[in-house]
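[1] Next one to model:
(one chain, ligands or ions: 1)
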Amino acid sequence: MKRIAIYPGTFDPVTNGHIDIVQRAVELFDEVWVTVAINPSKDPMFTSDQRIRLLEESLKHFSNVKVDKFSGLVVDHAREVGAKAIIRGLRAVSDFEYEFQMALMNRKLADEITTVFLMPNEKYTYLNSSLIRGLARFGADVSEFVPACVMDALKRSVN
Ligand code: COA
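    Model (predicted):
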């Protein structure tokens with residue numbers, strides 16, 4: 001049986017920290033679905049289709065990664081794609097409280113699906129997408145933190 005995992009997130013935009021998590025996930029699972037959350041409570045810089053395109057471009061070298069989007073509950077989407085695991089990145093202790101709550105609630109909603117926490121390389125522990133968006137708006141060079149296609153998209157979006 002295929003071991004399938006889902007890696008949900010806003011990915012506005014995808015960063016090298018996210019890609020580091022995907023790299024670790026593909027070594028553990030046969031198939032990893034990186035899935036863009038359509039979250040009405042967030043006001044993203046990039047549309048869901050743009051975020052998908054940037055993920056597809058950034059992750060094209062992984063043969064066992066699929067990219068899609070979902071709205072609604074993450075556990076429902078996990079069931080739709082046959083995933084038994086939800087991947088989440090843990091960057092620092094500050095992530096823990098929120099992630100712990102989500103993992104337990106998701107377990108309550110779907111006991112057969114397990115949340116798996118992966119830690120990115122320590123050089124990405126302070127990285128998040130808002131920081132990248134903020135820096136890019138001020139014209140800072142964020143090429144160290146994001147793939148080239150994201151760098152181009154950020155430049156286009158702030159000019
Ligand atoms: N590298 C860099 N940044 C990372 C990262 C990593 N490895 N891991 C997380 N981040 C950052 C993200 O860039 C994002 O930054 P931002 O807030 O500055 O934009 C931040 O951490 C939050 O991460 P994200 O993965 O986007 O999580 P989220 O809090 O937006 O939650 C879902 C996304 C999809 C998991 C959540 O909204 C969800 O589950 N939605 C569905 C509804 C549902 O099922 N609810 C019940 C669950 S209890």
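
[2] What parts of this structure come near the ligand?
    Within reach of the ligand by CB under 6 Å from any ligand atom, the chain has these residues: 8-10, 12, 15, 17-18, 21, 37, 39, 73-74, 89, 91, 102, 105-106, 120, 124, 127-130. The way it works is simple: take the backbone N, C-alpha and C, and place the C-beta from them, glycine included.

[3] could you flag which of these are buried?
    Buried by 16 or more other CB atoms under 10 Å: 8-10, 12, 15, 17-18, 21, 37, 74, 89, 91, 106, 120, 124, 127-129, out of the residues of the chain next to the ligand.

[4] Report the contact partners of Lys154.
    One correction, residue 154 is Leu, not Lys. Each residue near Leu154 by CB atoms under 8 Å, 6 or more residues apart in numbering is listed here: Pro13, Ile132, Arg133, Ala136, Val142, Val146.

[5] Give the helix, strand or coil label for the closest residue in space to the fourth one that isn't next to it in sequence.
    Once its chain neighbours are removed from consideration, Ala136 has its nearest residue in Leu154; the separation is 4.0 Å (CB to CB, 6 or more residues apart in numbering). Leu154 falls in the helix class when you classify it by DSSP: H, G, I helix; E, B strand; the rest coil.

[6] And Lys66, by the same measure?
    Here Lys66 is strand, with the state taken from three-state DSSP.

[7] Now the residue nearest to it when sequence neighbours are not counted: phi and psi?
    Nearest non-adjacent residue to Lys66, counting by CB to CB, 6+ apart: Trp33, 5.0 Å away. Note on Trp33: its backbone torsions stand at phi -100, psi 110 [degrees, to the nearest 10].

[8] my guess is Trp33 meets Val22, correct?
    No. With contact defined as CB atoms under 8 Å, Trp33 and Val22 do not form a contacting pair (10.5 Å).

[9] Check the contact lists of those two and give me the overlap.
    Counting by CB under 8 Å, 6+ apart, the residues touching both Trp33 and Val22 are Tyr7, Val65.

[10] ranges for the helices of the chain?
    With DSSP state H applied, the chain shows helices at 16-28, 48-58, 74-81, 93-109, 129-137, 148-158, listed in chain order.
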